[in-house]
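# No letters, just coordinates:
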């Protein structure tokens, strides 16, 4: 298998969204999608039985900063026409998580054997989508430069509950110089479909984060002298809610391992 990060060859960033999905489908790509197929929107996934879909939809509507919806499937639907051609949600994400009664029981690269006709898929915007905008503006994204996954932290900031779904927000963090932090706020504020502006700058202890070097998800951060930690609402937040809901069965992407859609990032901007 070829698991080479994009910056090691320079080619991963230039893949089309469809090419990357095919690599996921065949098992060639099972690492983070950050920095790959630049130019295309990426999506977090929550897949759960239809009986819980109404409550989860309400949860997303109440918490649009953390859960900006790109598309919701019909029960049993494995494609997603508004997001791209030839999508098979059972196989086109690098890595999935199976949750049973609130616990992640295993990770797997293909969920075909688990598929059911009553499953509804929620496609939620991802902050990886705005990383291309930052890079294009000359703002370094350090975890991409160092070929790592973005760090993600469980905070003390509560989300609004709906039915069995409740919990605290998860945030992703990127470190910038003060000038680049301002630029990052300006750029991401124009992209609400992929979490928009940051929810917090600096002072991680105010979010209940004891140590930046120990994220709950992803890799430890890369920070340079003088960097300010900047925090965005993260589409991993629903995974925390799923743990609290303790559903008998649910599937998500593994944090950092997204579905890459055919939706151009340019369509996610205001104006």
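Sure thing, it's come through. The structure displayed is predicted, hence computed values, not measured ones. Residues are numbered from 1 along each chain as shown.
# contacts and neighbour counts: CA atoms only from here.
Noted.
# gap between the two ends of stretch 223-234?
By C-alpha to C-alpha, to the nearest Å, the extent of stretch 223-234 from end to end equals 19 Å.
# and it, how far from the chain's centre?
17 Å (C-alpha atoms, centre = their mean, to the nearest Å).
# Now it: buried residues?
Residues 223, 227, 228, 229, 230, 231, 232, 233, 234 are the ones in stretch 223-234 that count as buried (16 or more other C-alpha atoms under 10 Å).
# ok, now stretch 45-60?
45-50, 52-53, 55-57, 59-60.
# Nearest to residue 17, out of the residues you listed: which one, please.
residue 45 (16.5 Å; C-alpha to C-alpha).
# Next up, the contacts around that closest one.
121, 122, 123, 124, 251, 252, 253, 258, 259 (C-alpha atoms under 8 Å, 6 or more residues apart in numbering).
# Adding pLDDT and distance to residue 197, write the residues you listed out as a markdown table.
Formatted as a markdown table, the contacts of residue 45 follow (pLDDT from 0 to 100; distance: C-alpha to C-alpha, whole Å):
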| residue | pLDDT | distance to residue 197 |
| --- | --- | --- |
| 121 | 98 | 26 |
| 122 | 98 | 22 |
| 123 | 98 | 20 |
| 124 | 97 | 16 |
| 251 | 98 | 28 |
| 252 | 97 | 24 |
| 253 | 95 | 23 |
| 258 | 95 | 20 |
| 259 | 97 | 22 |
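# Please flag which of those residues sit within helices.
In helices, judged by DSSP state H, none of these are found.
# Mind checking which of these are buried?
121, 122, 123, 124, 251, 252, 253, 258, 259.
# Let's see which of the buried residues of stretch 223-234 end up in strands.
228, 229, 230, 231, 232, 233 (DSSP state E).
# list the contacts for residue 191?
130, 197, 268, 269, 270.
# Next, count neighbours for residue 114.
Residue 114 sits with 11 neighbouring residues when counted by other C-alpha atoms under 10 Å.
# Then the one 5 residues further on?
The criterion is other C-alpha under 10 Å. On that basis, residue 119 has 25 neighbouring residues.
# can you offset everything so residue one is 31?
Noted, 31 is the first residue going forward, which turns the last one into residue 149.
# nearest residue to it other than its sequence neighbours?
residue 79 (4.5 Å; C-alpha to C-alpha, 6 or more residues apart in numbering).
# distance of that neighbour from residue 111?
Residue 79 is 21 Å from residue 111, by C-alpha to C-alpha.
# What of residue 128?
25 Å.
# Settle it for me: which of those two has more neighbours?
residue 128 (20 against 13).
# isn't the more buried one right up against residue 139?
No - using C-alpha atoms under 8 Å, residue 128 is not in contact with residue 139, being 10.8 Å away.
# Backbone dihedrals for residue 49, both of them.
phi -60, psi -40 (degrees, to the nearest 10).
# For it, list the residues it contacts.
With C-alpha under 8 Å, 6+ apart, residue 49 has no contacts at all.
# and it, what pLDDT?
Note for residue 49: predicted pLDDT of 96.
# re the thing from before, format the buried residues of stretch 75-90 as CSV; extra columns: pLDDT, distance to residue 248 and secondary structure.
Shown next, in CSV, are those (pLDDT from 0 to 100; distance: C-alpha to C-alpha, whole Å; DSSP: H, G, I helix; E, B strand; the rest coil):
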residue, pLDDT, distance to residue 248, secondary structure
75, 97, 16, strand
76, 97, 18, strand
77, 98, 21, strand
78, 98, 23, strand
79, 98, 27, strand
80, 98, 29, helix
82, 98, 28, helix
83, 98, 27, helix
85, 98, 28, helix
86, 98, 24, helix
87, 98, 26, helix
89, 98, 24, helix
90, 97, 23, helix
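# Between these, which sits nearest residue 176?
The closest of the buried residues of stretch 75-90, once distances to residue 176 are taken by C-alpha to C-alpha, is residue 75, at 25.5 Å.
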